[in-house]
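*Asks:* next one to model:
(one chain, ligands or ions: 1)
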Amino acid sequence: MLDLVLAIVHHVLIFGIFGILFAELMAERPDMSSATAVRIASIDMWYGIFAGAVVIIGFCRANFGAKGWAYYSHNAFFWAKIVTFAGIGLLSVPPTIAFIRWRKAGVASDDAGIGKVRRYVHVVTSSSAQVAKVPACCEGRVQALAGTIGRAQRNAPRSLRSSPGLAR
Ligand code: HEM
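*Replies:* Below you'll find the model as predicted:
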């Protein structure tokens, strides 16, 4: 039950992160108003809160979920996911600094500055989507796939089994 609850919260937070990133992308327009330039820093603060919560819930899943820490602590995909997420965190620092500057100044920078920030947020959004493709359970999926291939080989007709592609 706890595993399911953590998985649901994990998904809700991830959808939240994408919602926030899309809101930022929609707001970062060359013609953005001063009010939007000031407000975008608070939207970005929610990005930070959600990202922090994803890390906390992610580690809770790894510790208290069905597979347990013994499984994840040796799982290269899990650590690759953490490193990628940390890299995305670093990529989101320049936009955050820009948003804080805009809020203090009460106005966004020029079009070139807005374009630069937008490119960063684009990269953060697309890299976050890539993280979804590398769930920590990849290793389990590869093993399941290997098992399916093995079963298919054993059940294949004799004529096919002797073909070079399926020979053991
Ligand atoms: C943008 C960031 C992230 C995205 C898009 C993402 C996405 C996903 C997806 C699609 C799954 C597979 C579905 C599921 O089992 O619920 C998953 C599983 C999981 N994620 Fe994440 N995740 C992110 C960040 C993190 C972080 C930072 C951690 C750890 C601190 C984490 C820990 C886990 C764990 C432990 C699982 C369960 C894998 C398994 O079933 O063995 N995730 N995530």
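
*Asks:* for the residue in the chain positioned nearest to the ligand, give me its contacts.
*Replies:* In the chain, no residue comes nearer to the ligand than residue 58, which is 2.2 Å away by C-beta to the nearest ligand atom. All C-beta atoms are positioned from the backbone trio N, CA, C, and that covers glycine. Going by C-beta atoms under 8 Å, 6 or more residues apart in numbering, residue 58 touches 10, 82.

*Asks:* separation between it and residue 85?
*Replies:* 8 Å (C-beta to C-beta, to the nearest Å).

*Asks:* and for residue 18?
*Replies:* Taken as C-beta to C-beta, the span from residue 18 to residue 85 is 14 Å.

*Asks:* so which bits of this structure are right by the ligand?
*Replies:* Counting by C-beta under 6 Å from any ligand atom, the chain comes close to the ligand at 7, 10, 14, 17, 54-55, 58-59, 61-62, 67, 72, 81-82, 85, 128, 131-132, 135-137.

*Asks:* which residues of the protein score low on pLDDT?
*Replies:* For the chain, the stretches with pLDDT under 70 are 135-150, 153, 157-168.

*Asks:* which strand or helix spans residue 134?
*Replies:* Here residue 134, judged by DSSP states H and E, is contained in no helix and no strand.

*Asks:* burial check on it, number of neighbours?
*Replies:* As a burial measure, residue 134 scores 13 neighbours (other C-beta atoms under 10 Å).

*Asks:* how about it: what's its closest non-neighbour residue?
*Replies:* residue 81 (5.6 Å; C-beta to C-beta, 6 or more residues apart in numbering).

*Asks:* no further queries at this time; thank you.
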